[in-house]
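Student: requesting a structural model of the entry that follows:
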Amino acid sequence: MRLTSEFWVSALVRRVNNSGAFAALSNKGAAEAGAIFIKFRNADGTYDLFGPAPQMAYDETKPQERLFSALRQGVEETTADADLEKQKRWDRDLWVVEIEDYRDDRAGLFPISPE
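Tutor: This next block holds a predicted model:
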């Protein structure tokens, strides 16, 4: 059974904030199954945007853990925000978590698909 989006986002925000980085929720979606997007601020002031990984990225032999794929890397905040606004037109129930962490260790914060 997969965790609800609300529970998963709450755990992510707590984990990030307890690690010494900063995370905040900027859009609250559907509690049970809203898609989750992560807007990540880099040390140089650019942003990386992560969204749900495509189904083909999941390993069918392992439990269903949420995976994220990089949608944009090293872009201006306005570009990341514009992409999120496009997503919101299709899915009003999405979650957006903003993270600032300059240690370059994203893999420890949330699972990223290798593809």
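Student: CA only for contacts and neighbour counts going forward, please
Tutor: Noted.
Student: now do Leu3, the pLDDT please.
Tutor: Leu3 carries a pLDDT value of 80.
Student: burial measure for it, as a count.
Tutor: When counting by other C-alpha atoms under 10 Å, one arrives at 13 neighbours for Leu3.
Student: cool, Val96 as well?
Tutor: Using other C-alpha under 10 Å, Val96 has 22 neighbouring residues.
Student: same deal with Val97?
Tutor: For Val97, using other C-alpha under 10 Å, the count is 20.
Student: what is the helix or strand where it lies packed up against?
Tutor: Assessed by DSSP states H and E, Val97 sits inside strand 95-100. Packing partners of strand 95-100 (3 or more C-alpha pairs under 8 Å, 6 or more residues apart in numbering; DSSP states H and E): helix 5-18, strand 22-27, strand 36-41.
Student: on contacts alone, who are the packing partners of the longest one?
Tutor: On a contact count with 3+ C-alpha pairs under 8 Å, 6+ apart, helix 5-18 meets strand 22-27, strand 95-100.
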